[in-house]
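model this:
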Amino acid sequence: MARYRGPKSKVARKFNDPIFGPSKALQKKAYPPGQHGRNRRRKQSEYALQLSAKQKAKYTYGLLERQFANLFEKASRSQGITGEVLLQLLESRLDNVVYRLGISPTRRGARQLVIHKHIMVNGHLVNVPSFTLKPSDVVSVREKSKSLEVITNSVMSHNPNKYHWLEWNSGDLTGKFTSLPPREDIPENLQEQLIVELYSK
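Predicted structure coming up:
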């Protein structure tokens with residue numbers, strides 16, 4: 001399955017945000033990548049800002065262009081504020097919830113756990129990272145996978161009460177997706193209104 005495999009530090013520098021986690025490169029080189037990175041003009045066009053907002057959201061949640069466009073179309077057909085609904089759909093993805101619960105330290109790692117059948121939803125194995133969770137769905141680690149070092153290390157260093165829309169039981173490594181998160185509780189620094197404006201053209 002296709003996904004972004006390029007250098008993560010360059011993407012973080014492009015958006016001046018550690019979207020893949022802490023980055024030493026971002027601290028050492030706080031300017032965009034490329035030979036003109038230091039001297040690049042600061043003022044951007046309206047379209048450039050909108051495109052940048054979309055690209056940042058894609059990289060943050062690990063989606064390709066077609067996946068993101070399909071998700072936006074679904075959000076635009078739903079009731080509510082399109083930008084907020086889009087972020088809620090992104091947050092409802094199984095790979096993202098596995099990451100939020102602390103089962104994996106990164107979204108990319110969470111995606112791998114899902115693909116390799118280490119994760120269950122409501123007692124059934126699910127190996128589709130884009131699987132959309134609904135409120136009251138229960139996510140758990142497969143019994144045979146509970147001793148994996150990558151999972152145990154991640155769970156030990158994670159704050160289980162960090163997100164109000166999730167419930168975590170460290171005893172049996174299960175989490176519950178209790179509700180769709182309101183926009184103010186989603187910590188990602190994204191400008192969803194610019195994304196809506198881009199797709200509305």
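
name the nearest residue to the residue nearest to the spatial centre of the chain, ignoring sequence neighbours.
Central residue check for the chain by CA atoms, centre = their mean: the C-alpha nearest the mean position is that of Tyr61, 3.1 Å away. Nearest residue to Tyr61, sequence neighbours excluded (CB to CB, 6 or more residues apart in numbering): Leu90, at 4.8 Å. Every residue, glycine included, has its C-beta placed from N, CA and C.

just the element for that neighbour, please.
Leu90 is part of helix 82-91 when elements are defined by DSSP states H and E.

distance from that helix to the middle of the chain?
How far helix 82-91 lies from its chain's middle: 11 Å, per CA atoms, centre = their mean, to the nearest Å.

now the element after the helix or strand of the chain with the lowest mean pLDDT, going C-ward?
Within the chain, confidence by mean pLDDT, DSSP states H and E is lowest for helix 24-28 among all helices and strands, at a mean of 54. Next along the chain after helix 24-28, taking DSSP H and E as the criterion, comes helix 46-61.

so which elements touch that next one?
With contacts taken as 3 or more CB pairs under 8 Å, 6 or more residues apart in numbering; DSSP states H and E, helix 46-61 sits against helix 8-15, helix 65-77, helix 192-199.

go through that helix and flag the buried ones.
Across helix 46-61, burial judged by 16 or more other CB atoms under 10 Å covers 50, 52-61.

how about that helix as PDB, C-alpha atoms only?
Provided in PDB are the C-alpha atoms of helix 46-61 (Å, rounded to 0.1, in the frame of the first residue of the first chain):
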ATOM      1  CA  GLU A  46      -3.700  32.800  -0.800                       C
ATOM      2  CA  TYR A  47      -3.600  29.700  -2.900                       C
ATOM      3  CA  ALA A  48      -0.100  28.800  -1.600                       C
ATOM      4  CA  LEU A  49      -1.300  29.100   2.000                       C
ATOM      5  CA  GLN A  50      -4.400  26.900   1.300                       C
ATOM      6  CA  LEU A  51      -2.300  24.300  -0.500                       C
ATOM      7  CA  SER A  52       0.300  24.300   2.400                       C
ATOM      8  CA  ALA A  53      -2.500  23.700   4.900                       C
ATOM      9  CA  LYS A  54      -3.800  20.700   3.000                       C
ATOM     10  CA  GLN A  55      -0.300  19.200   2.600                       C
ATOM     11  CA  LYS A  56       0.400  19.600   6.200                       C
ATOM     12  CA  ALA A  57      -2.800  17.800   7.200                       C
ATOM     13  CA  LYS A  58      -2.000  15.000   4.700                       C
ATOM     14  CA  TYR A  59       1.500  14.500   6.100                       C
ATOM     15  CA  THR A  60       0.300  14.700   9.700                       C
ATOM     16  CA  TYR A  61      -2.200  11.900   9.300                       C
END
